[in-house]
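*Asks:* when you get a sec, could you give me coordinates for this:
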Amino acid sequence: MVTGTSVLGIQFDGGVLIAADLLGSYGSMAQMRQLQRVFKVNEKTVIGASGDYSDFQFLIEKIMEKVNQDYCLNDGYVYKPKQLFSWCTRVLYNRRSNFDPLWNRLVIAGLDDEQP
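*Replies:* Take a look at the predicted model:
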C-alpha cells in the first residue's frame, strides 16, 4: 500500500491554498518521490488527500466522471467546495458502511461565490 502523509489547507483574505508533499511511502520505505496528491477539480474547487494513494486515485476517477457528466449536460453547473465535500462524505460513509473503507483524509477547498 502506497501512502502519502501531509496535506495542508490554508484560507487567506483572497482565496485558499492547499499544499502537499510529493512523497509516496511503501511501508517505511520512501519509494515514490513525485506523487501528485492535490488535484484541480474545476475552476472553483481543488482537492488534496493523505492516506492510501490507490484509494485517492479511485476517488479522483469517480469525481472526474461526475464532472464530465455535468459538463456534458451543458447547464453551467460546476461543483463548488461545499457540494463536493458533501458528496465525498456520502461516498466515504457508504464505503465504510459496506466494510470496504477508503483510507484517506481529504482537504477540499475553493471559491464559493468568490468567497474562500
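*Asks:* bridged to the spatially most central residue of the chain, which residues?
*Replies:* The central residue of the chain, meaning the one whose C-alpha is nearest the mean C-alpha position (Cα atoms, centre = their mean), is I47 at 3.3 Å. Counting by DSSP bridges, I47 forms beta bridges with F39, I108.
*Asks:* again with the one 4 residues further on
*Replies:* Legend: beta-bridge partners of G51 under DSSP bridges are G4, N104.
*Asks:* list the contacts for it?
*Replies:* 3-4, 102-105 (Cβ atoms under 8 Å, 6 or more residues apart in numbering). All C-beta atoms are positioned from the backbone trio N, CA, C, and that covers glycine.
*Asks:* could you rerun that using 6 Å?
*Replies:* Applying Cβ atoms under 6 Å, 6 or more residues apart in numbering to G51 gives the contacts 103-105.
*Asks:* got it, and K80?
*Replies:* So, once contact is read as Cβ under 6 Å, 6+ apart, K80 ends up touching 44, 112.
*Asks:* okay, R37 and R105: tell me how far apart.
*Replies:* Distance check for R37 against R105: by Cβ to Cβ, to the nearest Å, it reads 11 Å.
*Asks:* which of those two has more neighbours?
*Replies:* Counting neighbours by other Cβ atoms under 10 Å for R37 and for R105 shows that R37 has the greater number, 25 against 14.
*Asks:* beta partners of the closest residue in space to the more buried one that isn't next to it in sequence?
*Replies:* Once flanking residues are discounted, R37 sits nearest to A20: 4.3 Å by Cβ to Cβ, 6 or more residues apart in numbering. Taking DSSP bridges as the rule, A20 bridges to V7.
*Asks:* output the longest helix belonging to the chain.
*Replies:* For the chain, the helix with the greatest residue count under DSSP state H is helix 53-73.
*Asks:* could you point out which element follows that one?
*Replies:* Past helix 53-73, further along toward the C-terminus, the next helix or strand under DSSP states H and E is helix 81-97.
*Asks:* touching that following helix from outside, list them.
*Replies:* Counting by Cβ under 6 Å, 6+ apart, the neighbours of helix 81-97 from elsewhere in the structure are 45, 101-102, 106, 108-110, 112.
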